[in-house]
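Trainee: fold the following.
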Amino acid sequence: MVQGSSFFYSGTEKTCVLTGRFPPGTFSPEYKHYIKDEKEKQIKECYYQRLKKQESLYKEAKRKCKLKGGYVLEINSKDENDLVKDMFKDVSLWLGAVQIIENNTFRWERSGEMTFTDWSADYPITSTTLYNFCVILTWSGWKNVYCSYDQYDVVCEFDTCG
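Mentor: Numbers count the residues shown, from 1 in each chain. Here you go, the predicted model:
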């Protein structure tokens, strides 16, 4: 992700909110994430889009994000993790990570190795007999669950900045 100051803006609601000061419960798909790139001296539009329907299958969440030109949310830093947890306080979200069966680890499906994690206490669950785990983000941290376990919110991430 581009480094620099960032903010959210809703064209519909005509409101601008600085990153880190997002009022709880106010995030909607109308808000787009903008980053002021100090190096290039311009503002770039990148954003997270929360889909309106929860999905019970990770592969369906992945398919819907791909159709929109994005991918299921991947979190690469504590700052991004804290921001997303603040934006989506009361919901659990699919993350774009899956279990690698051969060595019982997890990786981002799109970008590979996880350089940051925020596992909840007693997670990830590791087992030599249980497979097909995906990852969700909850307020208490990340948890691994079956990829067709329950319904979770979907946030698509887009890294093409305009």
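Trainee: need the helices for the protein, in chain order.
Mentor: Taking DSSP state H as the criterion, the chain contains helices spanning 58-67, 78-87.
Trainee: can you list those in CSV and add distance to residue 122?
Mentor: All C-beta spots, glycine's among them, are computed from the backbone N, C-alpha and C. Listed next are these as CSV, based on distance: least, Cβ to Cβ, whole Å:
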stretch, distance to residue 122
helix 58-67, 21
helix 78-87, 19
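Trainee: got CSV for these, with mean neighbour count, distance to residue 97 and mean pLDDT too?
Mentor: Converted to CSV, these look like this (neighbours: other Cβ atoms under 10 Å; distance: least, Cβ to Cβ, whole Å; pLDDT from 0 to 100):
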stretch, mean neighbour count, distance to residue 97, mean pLDDT
helix 58-67, 18, 10, 91
helix 78-87, 16, 13, 81
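Trainee: and the strands in the protein?
Mentor: 4-10, 15-18, 31-37, 42-50, 71-72, 93-100, 105-108, 133-138, 141-146, 155-158 (DSSP state E).
Trainee: any weak-confidence spans in the chain?
Mentor: Across the chain, the ranges flagged by pLDDT under 70 are 1-48, 128-130, 159-162.
Trainee: residue 117: neighbour count?
Mentor: Residue crowding around residue 117 was assessed by other Cβ atoms under 10 Å; the count is 14.
Trainee: residues in contact with it?
Mentor: Applying Cβ atoms under 8 Å, 6 or more residues apart in numbering to residue 117 gives the contacts 106, 142.
Trainee: hmm, try it at 7 Å
Mentor: Residue 117 makes contacts with residue 142, as judged by Cβ atoms under 7 Å, 6 or more residues apart in numbering.
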